[in-house]
Structures are given as structure tokens and as C-alpha cells.
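Engineer: Just need the structure, nothing else, for what follows:
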Amino acid sequence: MSRARQPPLVTGISPKEGAAWTKVTIRGENLGTGPVDLIGLSICGHNCLLTAEWMSASKIVCRVGPAKDDKGEIIVTTKSGGLGTSTVSFKLIRPERIGILDQSAVWVEEMNYYDMRTDRNKGISPLSLRPSNPLGIEIDKGKLPQKDIELTFPGMSGDFTSENFSATWYLMENHMGSSFENLKIAANNLKKQATKKNEGSLAYVKGGLSTFFEAQDALAAIHQRLESDGTERVEGSMTQRLENILNRASDTADTLFQEVLGRKDKADSTRNALNVLQRFKFLFNLPLNIERNIQKGDYDVVINDYEKAKSLFGNTEVPVFKKVYAEVEMRIGALRSLLLEKLLQTPSTLHDQKRYIRYLSDLHAPGDPAWQCIYAQHKWILQLMQNCRDEFISGQRVGVGALDQEGDTRPSALGRLSHTASLKRGGSLRTPRPSTWRFETPQQVQFVEKLSDVVIGQLPNFWKLWISYVNGSLFSETGEKSGQVEKSKKNARQRQNDFKKMIEEMINRLVKLVRGALLPTTLPQGELSFYGGWENKTELTGAWLTQIIHIVRACHEALSALEIPNDLLQVIQDLLLELRVHCLMVTLLHTTEDVKRLAEKEDWVVDNEGITSLPSQFEQCMVLMLQSIKEPLEIKPGEINVLLLDQVQDQATELSVNIMKVFINCLEQLSTKSDVGTSHNISVDLSSPDRFTRVHEGFSPTSEQRLLIILSNCQYLERRTFLNLANHFEKHGLTGTEKITRVSVDAVRELDRKLFEAYIERRADPISGSLEPGICAGYFDWRDCQTPTGVRNYLKEALVNIITVHAEVFTVSKDLVPRVLSTIVESVAEEMCRLMQCVSSFSKNGALQARLELCALTDAIAPYLNSESSASFKLALEALPQLQSGADKKLLEELLNKFKSSMQLQLACFQPCCIQPVKR
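Structural biologist: Numbers count the residues shown, from 1 in each chain. Have a look, this model is predicted:
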């Protein structure tokens, strides 16, 4: 095992004495193997480890801390050697405290002067107190752009106080044009500055020893001359003159010190006076503060200040305090009158009412302001309800906004519900609401909304005010018993029947006013003159009826929360039942009209599936219709399901079926819409890049393209739309879903059959009809023809026409391609079979030519062969003589390969691939 290290031993320290934070160098033996090994360092009993810098095993540099002991040892502790010893000690010099007028010698660290006159507007930090020219030579900045330097030294800085300081950056920025000789001088200057900084205060003292010696010699000479003179008290002697000078200096110092003490006494006196004024500032400023807080409406602050002043100065005997407090009481009396006036004003929110009542209670106002407020609110609400009807009947109201009675700015019921309702009714198919939509709202809706504002906005608060009056919480938030609270409860018990009659009167008037506006036939004839008068107003749509149902339900819910007897609320339930049924029927009728107008929105722009936006718009229209009737069909507590009524169920089913038929009729009308311009020839140049271009907005399709688009839409309707709508019908609880779906699917299938036959007739007949003339072109004779050299042009033209149809269908919907192409190929196969069977005889070359063309056609359109077309081609081949020689078979194979090679690009569209049609 290795021998353990010896404990540290300190044998020297330089300097041996000094003030706190003096930098010292400690020397000794076994002072550690490294900075990590050094775990303790104390000088005069103070821990100096934080400032210690381990240099070697025999040297440590640190700073002396503010130790308690004036003299002590230097103890070093290491991990390897443990606690050490010291043969030397350090003396800590404590600085003497001096007065503000005493002269003192202060050691000043040397640093460059910071010119405050030129840099006074700049922020000063410790880092800013640095030499402006650390190299000590003339600054010669070059013209190198700052951005180029930043790119050359990324993440570095030319500021020598920065952690990322780059010397190269600094030299390029400030000494780009300096000569090498100047840079050598700068290096020497830096060395001198470093040496001077290391020498510290000891070097300064050494450098000033001559000055100290001169001062000492001067004092010694003065002392000798005084001793030799011997005339210390003789008038005019140097001793007397020196004494006079010293006495005058002492008097001057005393004068300065007395002036300082005088200023201190004056400051203390001023401070004491301000403290006294501050103590009673609250009372002196209280009248003015009360007036200001009343103007701002900070009544809580006024009451708190008043209670504080009353507890502090209510029984004061100081005349000036009495005078100020009397003025405070006068202003509080005026505040009581103001609060009572505000309490009885209408309209007023429940929060303000309770606040004013509590303020009056805290201020000990006389009377019963709470019941006065309840009675005033009852009369005001009744008057509001009657004014609604009178204003609308007289035509004074052309729009409706918030409840605008006397400045009440709460949002109206229609305003609160408009956002939700717009999402529930079929609003997307109508013109969006303009900024002035409220002025276009029907008068009946405005009227019901106005009544709802009165009931929903005022009656619940009216009830809560009564409850607060009953339980006494108007006067005490904590519910503690007091004379005022008990008196309020007693008055409430006596007036309970009167309050119930107030509620009954409000409900009856609400119901009759709504019936007079919406269902006047349900009112007695004698009441029509008082509640009716709406005969000349606009008939409401389902959307507005839904809005009214929502508003009436909100009124019912608000009244139910007030614990009103059910017999009083039953009249509102009867009204809601009639409104819900009427809203359902009107909404279905209006949806039928909306669906008829969908044909005008067809833009013929198809997606990747060959579908236009029309099926989606139809589905959206139906979904919005179902969403719009969701609220009327919703069963609230106390209501019945209107769809359980047989008559309502039958009518709703018939109207829904009619909507489906109307949309299918729209599709049929779009498919037969006459084209503008000349018809399109199917034989086109496939090399033209503009033949099958992307469908864009404003595109006007041909009649054939229109048939394909409608066919694609029909398939989408049967495959998705009708199923989605059936799910929506069931989700919203509508009955008769099976009947609606069955009738819709049958109608769309019939339309699909008619449109498909029309398209095939337009495209297949020209192709099949061109085969016979093409075969006989140039007086061609199967019995007398030359040796085949390739497929003739008529067949290539037929394939090009089939490719054209393929492109036309593919640009609309790839799903329609197999269906259309298979039917056209079947027609072509039947025609080729007929033509081959009509030939009486074939020559050897004729049979080879016919077999070549049949095989080429069969191979080209193989992906679209079905059983019928395959059978037709088989019969056509059987009508031909069989090839006997191997040379003929070889020639046939070579010609087929030649045909496939020459038509490879054109026939590529027939091959199965994953290419999607371009999105239009």
C-alpha cells in the first residue's frame, strides 16, 4: 500500500498583515494535489475557501475575509492530508472610523478616468468603467462592414468584457490600419498594465516612499526650529502664528459642524410636523373625499370612511374636529336621500337594488325601502308588457334591440339566442344576415322577444328581490339577527298573498299577449281588441317560429324556477304544443322550396369521385332542416312528443318524401338542359393537349358530360346520401324513415337507368355504325385481298373513339368507366360478329386479315370484356377459316406485336392502374 500524504504545513504568507479582503499569497508544503483536493482554508478563524485559488502544492492565493480575531494562524485542510498546521500568523488591520468632516487617506485602485461630462446620458454599469482604449495606441478603424465581421465570427463579440470576447474581432474592428510596430507597442502596454495591477497597493506605497520621507524631514525641521527658538508664547513668533492658524481652522470646522447640526434639527422638526398632519389628514380631507366618491359611485368607500370617522371623532371635544365632523354628517344625510331616489328609479338591476337597500340599511335610513322597491318594480313590469303590444300595433317600432327601457342595456332574448338558432335552421341556403337584420325581423318575433326581455330579464330578479326581502338578506349578508332583519321578515309574511297575485297577473298577461300575436283564433272574441290587432303583419316562417318557441320555452323555464303552481303554467304548455306542430309543417314546406332552388347552384365542378357539390348541398339542406326542427321536436319537461300524434306523423312523412322527389326531378331537369352552341363530334385528335382539360368555374359541360355528372351524382345519392339522411331521420326521431328511403332509392334508380341508356345511345351507336363503312372502305373484298401488313385504319379509328369515350368518362368519374366501356365494347362486339357472319367466304389473306383485326381488337379492350362481348367475339372468330400453315400463324403474331407496339401509348389507358382522375 502507498504511504499516506503528510498534513499541510504553512510556512509563509505575504503580506503578513492587512485589512479585510487583502489579497495574500500562502506558501508551504503539502498544500494539496489540486483544486479539488483543497477542502478548507481559514485565516484568523475566517473561512476563505471561496476566494482561494490553488496554484501548486506549495502555493495558494486568496483574499482575507472580515475575521473576528485580529491575529491568527493560516490553516489549510486537504482531502489527502487532512487538517494542517501553520508556523506563521496573519495580523488583520481594522480601519478606524472617521467623522464626516475628518480628513482621511483612502487607497484608490488605479483605473482609467470615466468622463461623466461626455457620457452622462449613457447607462453606467460596473462593466462600463473600463478603459476606452486598453491597448494605449491610436484607434484606426477600418471600413470592414459589421455584418461581415459577425458572419466571420459567429457567436463571438468584440467587447472585451463579454464572455465570448474575440481578440481578432477587436483588432479588426478598432486597429485594422495599425502598423505592426504600433501593435508591438500595444502589447508592451498590456504587459505594463498587467504588471502594475499585480503589484497592487504595495507597489504604490513603495513608489511614494520619497514623499513620505520628505514629509518626515519637514516635520523634524519644524520641531528643531521650535526647540531652538524658545519663544513659544512670544507675540509674533512662529509658534504663535501657527497656533492662531490652528485656532482659526478649528473655529471654521466648528462652524461647518454647527451648520450641519442645524440642518439636521430643522429636518427633524419638519418631519415631525408632517407626521402630525398625516395623522389627521383623513379627517380634514373626508368631506371632499365623500363628495368625490359619491360622484364616482364608490358608496362602499364612503360608508367605510364614515364608520371610521365616527369611531375616531364621533365623541371628540376638539373644536376644529367637531366642525369638520359636522360637515361629514351633513354630507351623509344628502347621500341617504340620493340612494333612496336611485332605489325607486326604474329600470334597475337586482344587484343595484340590493346594493342601494343595504347602503340605506348601513346608513340607518328610516322607513321600509325594500317593499317600496318591490311595489315599484311590479307596476313597472306590467307597464312594460302593455307598452310592447301598443308600440308594435301602432307601428312605432320597426326594429328591436336590447331592452331599451330607460337605459337598460342588457342583451335581448333574441340577441342571446340568435347565434345558436342560425346554426339550427336552414340558414345557409338563404342570404346571409346583413348588419341591419334586426330591422328585417318580423313584427311578431320582435314583439315576443320584447315580452321575453321583460319576463326573463325582470321577473326572476323581481322574485329574487322578494326572497331576499323574506329572509332578510337585504340587510345582512351573514344572516345575523337584528331589529331591521326581524322587521323585514314580519312584513314579508303579511304581504305574501299580495306578491302571489302580482306574479299571477304577469303570467296571464304574458300568455294572452303572445296568443294575440301568433294564434289569435285561440282567444275569445271579446279579448281580441285588447290583445290582438296583428292581422296585417307578415306570416312567420319555420325559422322564426323556432325562434319564438325557444323564447317561450325560456320564459316557461324561468317561471318554473319561481315555483309557480303548474295550473298557471299549463296555458304556456298548450301554446308551445300548437307552435311546435305548426313550426314542423312550415319548415318542411319551406325546405321543399329551398331544394327546388338547388338546381340554380349547380356549377358542374366535380371532385375526385366525379361528384359535384349538389348532393352535398342537398344533404346539407336536409341536415340543416332536421337541425332546425330539432328544437321544436325536443321534449321538454311537461311537454309531449308531437310525432306520436298520428296526423302529425303522416303529414311529416308525406312532406319528406315530396322533398326527395323534388330533388330527383331537379337532377333530371339538369340532365336534359339544352346546350348552347353546336354539338360535339366524338372523333377528335387525341394529340391535342386541350381536349380533356381541367373543369374550372364557369365551365359549361356538353350534354354527354352533363349526363355523366348526373349519373355519378345518382350513384352517390343511392350509395351514401340517402343512407346518411336515413340515419339523420332516425337520429332526430322522425318516423316513416323506411318509406322515405325506399321511395327515394326507387326514383333515383329509375333516373339512373334513363340517363345511362341516353348516354350509351349517344356514344355507342356512332362507334358501332362506323365499323361497316370502315371495313368496306377502298372497295375492300375479303375474298380478294393482299397479304396483311397490319391492322387497317377503321379499327384504329374505332379504338380511338373508344379511348375518347374512356377519357370523357374518366375525367368525370373513374367508377363509371367499367360500366360505360363494357356496354360500348359489348355493342362493338355484336356489330363485329354480325359483320363477320355476313361474309360469304374468305380468301386465305382475307381470313388472316379478319383474324388479325379481331384479335387486335379483343386484346386491346380485354379489361372491359364481359360474358356477352366475349361470346360475340368467339362467334366472329368461329366464322373465319382456321389458319393452316405455321407461316400464317407466325405472320399473325408478328403483326399483332407490331400493332401493340405502335398503339402502346393509346392503349395504355385501358390497362388497370392506380392513377386518380385529376381534381377539378
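Engineer: all helices of the stretch 151-300 of the chain, in order?
Structural biologist: Taking DSSP state H, counting those that start in this stretch as the criterion, the stretch 151-300 of the chain contains helices spanning 167-174, 180-207, 209-229, 238-279, 281-296, 299-313.
Engineer: What residue, apart from its backbone neighbours, is nearest D140 spatially?
Structural biologist: G177 (4.0 Å; C-beta to C-beta, 6 or more residues apart in numbering). The C-beta positions use only the backbone N, C-alpha and C, and glycine is treated the same way.
Engineer: Tell me, how many residues neighbour that neighbour?
Structural biologist: For G177, the neighbour count with other C-beta atoms under 10 Å is 12.
Engineer: on that earlier part again, can I get the helices of the stretch 151-300 of the chain in CSV including mean neighbour count?
Structural biologist: Shown next, in CSV, are the helices of the stretch 151-300 of the chain (neighbours: other C-beta atoms under 10 Å):
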stretch, mean neighbour count
helix 167-174, 16
helix 180-207, 12
helix 209-229, 10
helix 238-279, 11
helix 281-296, 15
helix 299-313, 16
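Engineer: Of all these, which one is nearest S42?
Structural biologist: Closest of those to S42 is helix 180-207, at 22.7 Å (criterion: C-beta to C-beta).
Engineer: just to revisit the earlier point, in a markdown table: the helices of the stretch 151-300 of the chain, plus distance to G790 and mean pLDDT.
Structural biologist: Shown next, in a markdown table, are the helices of the stretch 151-300 of the chain (distance: least, C-beta to C-beta, whole Å; pLDDT from 0 to 100):
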| stretch | distance to G790 | mean pLDDT |
| --- | --- | --- |
| helix 167-174 | 80 | 80 |
| helix 180-207 | 90 | 70 |
| helix 209-229 | 123 | 71 |
| helix 238-279 | 118 | 76 |
| helix 281-296 | 103 | 81 |
| helix 299-313 | 106 | 81 |
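Engineer: Please tabulate those in JSON lines, including the columns distance to Q6.
Structural biologist: Listed next are those as JSON lines, based on distance: least, C-beta to C-beta, whole Å:
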{"stretch": "helix 167-174", "distance to Q6": "43"}
{"stretch": "helix 180-207", "distance to Q6": "31"}
{"stretch": "helix 209-229", "distance to Q6": "41"}
{"stretch": "helix 238-279", "distance to Q6": "60"}
{"stretch": "helix 281-296", "distance to Q6": "75"}
{"stretch": "helix 299-313", "distance to Q6": "77"}
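Engineer: how about low-confidence regions in the stretch 801-920 of the chain?
Structural biologist: Scanning the stretch 801-920 of the chain for pLDDT under 70 picks out 912-920.
Engineer: all helices of it, in order?
Structural biologist: Under DSSP H, counting those that start in this stretch, the stretch 801-920 of the chain gives helices at 816-838, 844-860, 867-878, 886-902, 904-907.
Engineer: so what pLDDT did the residue nearest to D140 get?
Structural biologist: Listed pLDDT for G177 reads 77.
Engineer: ok, it touching E138?
Structural biologist: No. The pair G177 and E138 does not pass the contact test of C-beta atoms under 8 Å, sitting 9.7 Å apart.
Engineer: just to revisit the earlier point, distance to I393 and mean neighbour count for the helices of the stretch 801-920 of the chain - can I get that in a markdown table?
Structural biologist: Formatted as a markdown table, the helices of the stretch 801-920 of the chain follow (distance: least, C-beta to C-beta, whole Å; neighbours: other C-beta atoms under 10 Å):
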| stretch | distance to I393 | mean neighbour count |
| --- | --- | --- |
| helix 816-838 | 61 | 20 |
| helix 844-860 | 81 | 21 |
| helix 867-878 | 76 | 17 |
| helix 886-902 | 87 | 14 |
| helix 904-907 | 79 | 12 |
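Engineer: in the chain, which helix or strand is least confident?
Structural biologist: Sorting the helices and strands of the chain by mean pLDDT, DSSP states H and E puts helix 413-424 at the bottom, at a mean of 39.
Engineer: What's the first helix or strand after that helix?
Structural biologist: Going down the chain from helix 413-424, the next helix or strand is helix 443-471, by DSSP states H and E.
Engineer: Quick one: mean pLDDT over that next one.
Structural biologist: Average pLDDT, helix 443-471: 83.
Engineer: Stretch 608-627 too?
Structural biologist: 85.
Engineer: mind listing the strands for the chain?
Structural biologist: Ranges of strands in the chain, per DSSP state E, are 9-14, 17-18, 23-29, 38-43, 46-47, 53-56, 59-63, 71-78, 82-83, 85-86, 89-92.
Engineer: Compare these and give me the one nearest N247.
Structural biologist: Relative to N247, the nearest member of those by C-beta to C-beta is strand 17-18, separated by 37.8 Å.
Engineer: Sheet partners, orientation included, of the closest one?
Structural biologist: strand 89-92 (parallel) (DSSP bridges).
Engineer: Identify all contacting residues around the strand it pairs with.
Structural biologist: 13, 16-20, 24, 43-44, 64, 67, 69-74 (C-beta atoms under 8 Å, 6 or more residues apart in numbering).
Engineer: Kindly give a single ChimeraX line that selects the buried subset of those.
Structural biologist: Selecting just the buried residues from these in ChimeraX takes one command, with 16 or more other C-beta atoms under 10 Å as the test:
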select :13,18,24,43,44,64,67,72,73,74
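Engineer: What distance do you get for L528 to R493?
Structural biologist: Taking C-beta to C-beta, to the nearest Å as the measure, L528 falls 41 Å from R493.
Engineer: The two: which is more packed in?
Structural biologist: Taking neighbours as other C-beta under 10 Å, L528 and R493 compare with L528 leading, 16 against 8.
Engineer: ok, the more buried one touching G516?
Structural biologist: Yes. With contact defined as C-beta under 8 Å, L528 reaches G516; the gap is 6.9 Å.
Engineer: one step back: among the helices of the stretch 151-300 of the chain, which is nearest H351?
Structural biologist: H351 lies closest to helix 299-313 among the helices of the stretch 151-300 of the chain, at 12.9 Å (C-beta to C-beta).
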